[in-house]
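[1] Build me a model from this:
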Amino acid sequence: MTNPPSSVTVIKDAANRYFLSFVVEINQQLLPESPNSVGIDLGIKTFAVLSTGEKIDAPKPLKKRIKHLRKLDRNLSRKQKGSNRYERARVRKAKLYARMKDTRKDFLHKLSTRIIHENQVIVLEDLNVAGMVKNHKLSKAISDLGWRQFRTFLEGKAEKYGRDFRVISRWEPTSQKCSCCGFVGGKLDLSVREWTCLNCGTVHDRDSNAAVNILVAGGHSETLNGRGGKRQTFVKEAAAVEASTHLEKPVQLSIFDILQ
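    Reported below is the predicted structural model:
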């Protein structure tokens, strides 16, 4: 049961939409312990590949609406700043951005909630998103996926529901290592989606193999051959959620977190 809100903030976004943001204190809602663990490999073509073999595609709202967005950009550029027509054109563009943001956020919330409910241990790779978006060829695609937001959702929900969320070093050769025998075959070109281990002859799907290796590197040994990871890095707890492993210690959450 939640306490009365300690504060309420009225928010108006660029699309002239109004929101009420509540700050309340709630207790941790521990889920029943699950026997499952999962490693997650994030990508551009396929949003996420799980160590179970499942592949998950993203809605990619920007890619689907890029022509409409460019049309609104051209329309806005023809208007005189400060005029009523300029304001109407600006709001139309802002509403399109808001719909894209809502589509992406809805997808990330649903996926992160499902993963948290199904797994006790969740392992993710520490991607250098800030550095990757500097590549002008990939920046739009990466921003359209919302990797950073997905990690934030997993962190907060793992804390809320008592799950174990881990992040491994970005330098782990997850795509190069055979998940069956541990042989490291060397760097692979991004165009190579399948490869054969030179040591044991196993044929690997690049992303599925990486997801299994991410799970192993996170310290979970229940993989194909029970290998344990040599190195692991535990994520720093999200700043928005105070560290708490005890049921009696309250955690501050917004109304949006409560509704998930």
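
[2] quick one, longest strand in the chain?
    strand 18-26 (DSSP state E).

[3] Give me the buried positions along that strand.
    For strand 18-26, a neighbour-count test (16 or more other C-beta atoms under 10 Å) marks 22, 24 as buried. Heads up, the C-betas are built off the backbone N, CA and C, glycines and all.

[4] Export that strand to CSV, keeping only CA atoms.
    Provided in CSV are the C-alpha atoms of strand 18-26 (Å, rounded to 0.1, in the frame of the first residue of the first chain):
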residue,chain,number,x,y,z
TYR,A,18,-0.1,18.2,-19.6
PHE,A,19,1.0,15.6,-17.1
LEU,A,20,0.8,15.2,-13.3
SER,A,21,3.9,13.7,-11.8
PHE,A,22,3.5,12.3,-8.3
VAL,A,23,6.3,11.4,-5.9
VAL,A,24,5.3,8.7,-3.4
GLU,A,25,7.0,6.2,-1.1
ILE,A,26,6.3,2.5,-1.6
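
[5] which residues are contacting the helix or strand following it?
    Using DSSP states H and E, the helix or strand that follows strand 18-26 in sequence is strand 37-42. If you take C-beta atoms under 8 Å, 6 or more residues apart in numbering as the criterion, strand 37-42 is touched by 48-52, 115, 118-125, 127, 145, 147, 150, 174, 207-208, 210-218, 220, 222.

[6] Partner strands of strand 37-42, with direction?
    For strand 37-42, the pairing partners within the sheet under DSSP bridges are strand 48-50 (antiparallel), strand 121-125 (parallel).

[7] Can you say which of these is nearest to residue 106?
    When the strands paired with strand 37-42 are compared by C-beta to C-beta, strand 48-50 sits nearest residue 106, at 15.7 Å.
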